[in-house]
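> what follows is a predicted protein model with its sequence.
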Amino acid sequence: MHSLSKFNDIFIIVVVGALISGSAAISVYGGDHMADESLGFTSRVDEYLAEADSAFNADKYVASRKLYERALAEAKTISDNSGATEALAMIARTHLIMNEPDSASAWLRQAGKIADDHEPRGWSRYQAVKGRYLWQKKQLDEATKLFKNLYDYCVKNELAERAVDAAHMVAITGSPQEQVEWGKKGIAQAETGHIDRWLGPLWNNLGATYEDMKDYDSALAAYKTAREYHYKYGTPRNKVIADYAVGHILVKLGRYNDAGEWLRPVLTQCEKAQDHEFVGLACRDLGDIGYASGNYDEALELYVRAKALLEEVNMDEWDPQGFRDLLDRIDETRDSIE
């Protein structure tokens with residue numbers, strides 16, 4: 001696993017906590033991305049679901065759960081089975097994203113009891129959450145198969161954005177080859193459907209896959225493309241993380257002067273925002289630049305600061321190898337000074 005995560009939910013995630021599948025998973029958007037298919041409200045259930053989705057996409061998970069519960073109550077009142085399925089599935093997802101797997105499983109079972117594959121909106125939402133549950137349980141082969149089938153189902157039922165989401169998830173749970181293939185498929189689907197706000201996360205994840213494969217030139221191109229879309233549609237934090245991704249991969253390419261030009265402003269912005277995770281990551285990468293330049297005292301100071309901050313955000317849990325590598329760098333730098 002590497003430090004730059006894949007955009008999903010958990011994380012996504014995230015913030016960097018849900019990393020599963022070979023890459024850390026950060027859900028900067030953190031959102032559902034599947035609630036925007038409706039062109040209008042046909043019932044109060046649709047209206048309530050949209051309101052709940054809006055809260056969920058704003059990372060207000062407890063508040064969104066209450067709104068999904070309201071949608072569920074209304075759906076039961078008018079015997080809207082599809083709406084009830086969506087509400088139950090998303091209540092499960094609020095628990096899943098808050099790292100409450102037992103509660104998530106209980107609500108997901110309820111959704112599964114009434115989910116009907118003849119009801120595209122309810123069925124697709126249920127399957128999307130079920131796949132994420134499998135992903136979090138590290139049952140990657142099962143999750144990948146489910147998301148591939150869900151992609152076909154959503155295309156058939158003209159749920160374009162949910163098809164993009166399914167492809168996006170295969171690009172996280174699949175093998176490295178599948179991640180590239182399905183990342184590109186998701187990008188093509190988003191471009192065809194003019195779902196441009198998805199293109200930042202999709203290109204970011206493709207870059208993360210290339211980084212895992214040590215194809216750093218392709219990763220740089222993907223991260224730069226992702227950055228263009230994050231700057232069009234993302235939050236201020238999305239934008240600074242996009243800048244971090246470019247600087248981070250430039251370090252991997254050994255382009256230290258260029259990397260520093262990107263990472264120093266990132267560090268300043270993240271310090272102002274008190275974003276300890278990305279302050280720590282920026283310090284680590286700037287430490288690498290210092291070490292490569294022979295500035296061992298500076299590198300050690302940066303590494304030690306990175307360790308303290310990344311330990312605070314539990315990097316040893318979501319990227320244990322990355323954290324061990326950081327500890328090794330600290331030891332190596334101390335040896336170089338001595």
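Thanks, I have it. Note that this is a predicted model, so its numbers are computed, not measured. Numbering: from 1, shown residues only.

> next up, the contacts around the spatially closest residue to residue 217 that is not a sequence neighbour.
Leaving aside its chain neighbours, residue 217 sits nearest to residue 253 (7.3 Å; criterion: Cβ to Cβ, 6 or more residues apart in numbering). All C-beta spots, glycine's among them, are computed from the backbone N, C-alpha and C. Contacts for residue 253 were tallied using Cβ atoms under 8 Å, 6 or more residues apart in numbering; they are 216, 217, 220.

> what about 10 Å?
Neighbouring residues of residue 253 by Cβ atoms under 10 Å, 6 or more residues apart in numbering: 216, 217, 219, 220, 259.

> and those, which of them are buried?
Using 16 or more other Cβ atoms under 10 Å as the burial test, the contacts of residue 253 include 216, 219, 220, 259 as buried.

> so who does the last one touch?
What that stands for is residue 259. Per Cβ under 10 Å, 6+ apart, neighbours of residue 259: 246-253, 285-286, 288-289, 292.

> selecting buried members of those residues in ChimeraX, what would you type?
Applying 16+ other Cβ under 10 Å to these, the buried members can be selected in ChimeraX as follows:
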select :246,247,248,249,250,251,252,285,286,288,289
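
> nearest to residue 108, of the contacts of residue 259?
Nearest to residue 108 among the contacts of residue 259 is residue 248, at 35.3 Å by Cβ to Cβ.

> quickly find the element holding the closest one.
Assessed by DSSP states H and E, residue 248 sits inside helix 236-252.

> give the contact list for residue 160.
Contacts of residue 160 (Cβ under 10 Å, 6+ apart): 36, 37, 154, 189, 190, 192, 193, 194, 195, 198.

> can you check residue 151 too?
162-170, 182, 185-186, 189.

> may I see the buried residues of the helix or strand hosting it?
Using DSSP H and E, the element containing residue 151 is helix 140-156. The neighbour-count check on helix 140-156 (16+ other Cβ under 10 Å) flags 140, 143, 144, 145, 146, 147, 148, 150, 151, 153, 154 as buried.

> what's the spacing between the fourth one and residue 111?
Applying Cβ to Cβ, to the nearest Å, one obtains 19 Å for the distance of residue 145 from residue 111.

> do the same with the first one
With the distance defined as Cβ to Cβ, residue 140 ends up 22 Å from residue 111.

> next one: the second one
For residue 143, the distance to residue 111 equals 17 Å [Cβ to Cβ].

> what sits against the residue nearest to residue 117 when sequence neighbours are not counted?
Excluding its sequence neighbours, the residue lying closest to residue 117 (Cβ to Cβ, 6+ apart) is residue 123, at 4.7 Å. By Cβ under 10 Å, 6+ apart, the contact list for residue 123 reads 82, 85-86, 89, 111, 115-117, 150, 153-154, 157, 159.

> TSV for these, including pLDDT and distance to residue 135?
Shown next, in TSV, are the contacts of residue 123 (pLDDT from 0 to 100; distance: Cβ to Cβ, whole Å):
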residue	pLDDT	distance to residue 135
82	97	24
85	98	20
86	98	19
89	98	15
111	98	17
115	98	18
116	98	23
117	97	21
150	98	12
153	98	18
154	97	17
157	97	22
159	96	20
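
> hmm, which of those residues are the buried ones?
Buried, going by 16+ other Cβ under 10 Å: 82, 85, 86, 89, 111, 115, 150, 153, 154, 157, 159, out of the contacts of residue 123.

> looking at those, which one is closest to residue 280?
residue 89 (34.7 Å).

> you'd agree the closest one is up against residue 122?
Yes: applying Cβ atoms under 10 Å, one finds residue 89 in contact with residue 122, separated by 7.9 Å.

> what do those two both touch?
111, 115.

> dump the host helix or strand of residue 109 to PDB, restricted to CA.
Residue 109 is part of helix 101-114, with elements assigned from DSSP H and E. Extracted in PDB, the C-alpha atoms of helix 101-114 (Å, rounded to 0.1, in the frame of the first residue of the first chain):
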ATOM      1  CA  PRO A 101     -19.600  -3.500  10.500                       C
ATOM      2  CA  ASP A 102     -21.900  -5.500  12.800                       C
ATOM      3  CA  SER A 103     -24.600  -2.800  12.600                       C
ATOM      4  CA  ALA A 104     -24.000  -2.400   8.800                       C
ATOM      5  CA  SER A 105     -24.500  -6.100   8.400                       C
ATOM      6  CA  ALA A 106     -27.800  -6.200  10.300                       C
ATOM      7  CA  TRP A 107     -29.300  -3.300   8.200                       C
ATOM      8  CA  LEU A 108     -27.900  -4.800   4.900                       C
ATOM      9  CA  ARG A 109     -29.600  -8.100   5.700                       C
ATOM     10  CA  GLN A 110     -32.900  -6.300   6.000                       C
ATOM     11  CA  ALA A 111     -32.300  -4.700   2.700                       C
ATOM     12  CA  GLY A 112     -31.500  -8.000   1.200                       C
ATOM     13  CA  LYS A 113     -34.700  -9.600   2.300                       C
ATOM     14  CA  ILE A 114     -36.800  -7.100   0.200                       C
END
